[in-house]
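Enquirer: would you be able to build a 3D model of this:
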Amino acid sequence: MADRLVSVGIDVGTTTTQVVFSHIMVEDLSSGFTVPRIEIVDKRIVYRGQIHFTPLLDDDAIDLAGVARIVEREYAQAGVAKDQLDTGAVVITGQTARRRNASEVLHHLSDYAGDFVVAVAGPRQEAVIAGRGAGADVYSKVHGSTAGNYDIGGGTSNFALFDQGRLAAASCLDIGGRLVQVDPATRRITAVVDKTARLAQFVGLDLAVGQPADLARLERLAEAMADLLAMSLGLLPKSAFYPQILTEPGRDVVLPRPLKNLSFSGGVADHVYAPPDGGDPFRYGDIGVLLGQAVRRSPALAQVHRFAAAETIRATVVGAGSHTVELSGSTIEYDADQLPLKSLPILKLSVAETANGALTAEAIQNKLDWFQVDGQRPAVAIAFAGPRSPSFAQAQDLAAGLLAGARDLLAAGHPLVVITENDLAKILGQSIRSRLPGRSGLVCVDAVRVEEGDYVDIGTPTAQGRVLPVVVKTLLFA
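Expert: Numbers count the residues shown, from 1 in each chain. Now for the predicted structure:
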């Protein structure tokens, strides 16, 4: 018998805000004589909301009340109540994540949307979500090859590479259709983002607010943007300007294997796949149409086989609603009254730091100082790979080290939250519980991989309490 999770995806992007609802089916695929093997067996979109322009108060602030009204209307239209939700994600993307009140908006929507709806902001995370929503992961798995997706929106272009279904790389460039805005009536430039103005200057173009929207000049700018996308994929030599276009300085994409297949999603993508329709290229008040056409014509990008994305403009919101959640292992140890847990920062331990209990305790105590705020220690999730087949003695030693290292967390009233990659949560959790002081809480899960700098949400139990839904995310605001 399959369990059904009701999931929401909310994407507040540079240009548009969207909502979708999905059903995620979870089932035990094991026989009655083996350890439970709980997996997601189906994901189905059951409601696609309208595409709304993201409401802004000014160039630097999101209209929180306006966004909330959009979300409320879509919930009512879908006939879904907050208490029906099991999981999902609120995603603040592109230039919107750089508005001064982006964190406030994210917090408000997360609270509105339910007990376990995560909030995600961060360009690499967005790239992965959009890539999965566009179907690049499935395409790479089916074809046994590498497949990438470039999600080109209003403010950023997010790239994710999948190799035989597995995520292999992710990055983001400050390239988008809304970075130059044009009044469709007067055909004059009304806004230019600083970095885009510098790009124009680099390629020999004079671009300023108030100028006529010269088609040839803006087509040349769009071609320069398309070239930067090609540079990021190793299809053109990188120019001196290229490092400046990275959304996260110094975080360039590294392709572990050559890119064989490429799709496009985001608001610009429809103009990549479709030939020019003869309409006004500035009808949306920006250069999105020109950018899509430049990508379509780019000889460099044409070197890679282009395939149709499963979703274009809705790729991120579909990914947020259907592809952010994963399941813990089914042999785990937890206190249900500690759940759900939201936005726990990851304290990552290396293999060397978990070699014995003394090293583990010392490493945790040293790293806990990184998370201290105003003299207070917030809750954290302690994560590491762990041995593949631990002996009883190993589990006991590791449990002792974890408890010794986390004694200040437990004294502050926080639960001990442990995340391992390998299958050892049951034996490790039971070893911890036998030593756990007083009424301290415990959540110990496995089969989840996280990295330093990530955050994690752990939801309430599903599949008759045998697994926990987990979302790994990044929180990054400029």
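Enquirer: what comes up buried for stretch 171-190?
Expert: 171-182, 189 (16 or more other C-beta atoms under 10 Å). Just so you know, the C-beta spots here come from the backbone N, C-alpha and C atoms, and that holds for glycine as well.
Enquirer: check stretch 274-282 too.
Expert: So, applying 16+ other C-beta under 10 Å, buried residues of stretch 274-282: 281-282.
Enquirer: name the residues that touch it?
Expert: By C-beta atoms under 8 Å, 6 or more residues apart in numbering, the residues outside stretch 274-282 that reach it are 182, 184, 187, 213, 215, 287, 289-290, 293, 296.
Enquirer: looking at the residues you listed, which are in helices?
Expert: Using DSSP state H, the subset of these located in helices is 215, 289-290, 293, 296.
Enquirer: show me how to select, in PyMOL, the buried members of the contacts of stretch 274-282.
Expert: The PyMOL selection below is limited to those of the contacts of stretch 274-282 classed as buried (16+ other C-beta under 10 Å):
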select buried, resi 182+213+287+289+290+293+296
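Enquirer: what's the closest of the contacts of stretch 274-282 to residue 153?
Expert: Closest approach between the contacts of stretch 274-282 and residue 153, by C-beta to C-beta: residue 287, at 12.8 Å.
Enquirer: hmm, that closest one is touching residue 220, no?
Expert: No - using C-beta atoms under 8 Å, residue 287 makes no contact with residue 220, being 11.0 Å away.
Enquirer: buried stuff in stretch 261-274?
Expert: 261-272.
Enquirer: now do stretch 312-326
Expert: 312-325.
Enquirer: averaged pLDDT, that stretch. What do you get?
Expert: Per-residue pLDDT over stretch 312-326 has a mean of 86.
Enquirer: chain center to it, what's the gap?
Expert: Relative to its parent chain, stretch 312-326 has a centroid offset of 9 Å by C-alpha atoms, centre = their mean, to the nearest Å.
Enquirer: other SSEs contacting the longest strand that the chain contains?
Expert: Longest strand in the chain by number of residues, with DSSP state E as the criterion: strand 16-28. Judged by 3 or more C-beta pairs under 8 Å, 6 or more residues apart in numbering; DSSP states H and E, strand 16-28 is in contact with strand 3-12, strand 38-48, strand 52-53, helix 64-78, helix 315-322.
Enquirer: which of these sits most buried?
Expert: Mean neighbour count (mean count of other C-beta atoms under 10 Å) peaks for helix 315-322 among the helices and strands packed on strand 16-28, with a mean of 30.
Enquirer: how much space between the nearest residue to residue 465 once chain neighbours are set aside and residue 469?
Expert: Spatial nearest neighbour of residue 465, excluding adjacent residues (C-beta to C-beta, 6 or more residues apart in numbering): residue 336 at 7.4 Å. Residue 336 sits at a distance of 13 Å from residue 469 (criterion: C-beta to C-beta, to the nearest Å).
Enquirer: any common contacting residues for these two?
Expert: residue 460.
Enquirer: got the buried residues for stretch 387-406?
Expert: Buried-residue list, stretch 387-406, by 16+ other C-beta under 10 Å: 387, 390, 394-406.
Enquirer: centre of the chain to that stretch, how far?
Expert: 32 Å.
Enquirer: what's in contact with that stretch?
Expert: By C-beta under 8 Å, 6+ apart, stretch 387-406 touches 354, 356-365, 368, 382, 386, 410, 416, 418, 422-424, 427-428, 431-432, 434-437.
Enquirer: pLDDT on that stretch, on average?
Expert: Across stretch 387-406, the average pLDDT comes to 93.
Enquirer: please renumber the chain so that the first residue is 196 from this point on.
Expert: In the new count, where the first residue is 196, that last one comes out as stretch 582-601.
Enquirer: what about the helices in the chain?
Expert: 259-273, 297-308, 318-329, 331-338, 389-397, 410-427, 437-440, 465-468, 483-492, 510-517, 552-563, 587-600, 602-606, 620-628.
Enquirer: can you tell which of the ones you listed is closest to residue 538?
Expert: Short answer: helix 297-308, nearest of the helices of the chain by C-beta to C-beta, at 8.7 Å.
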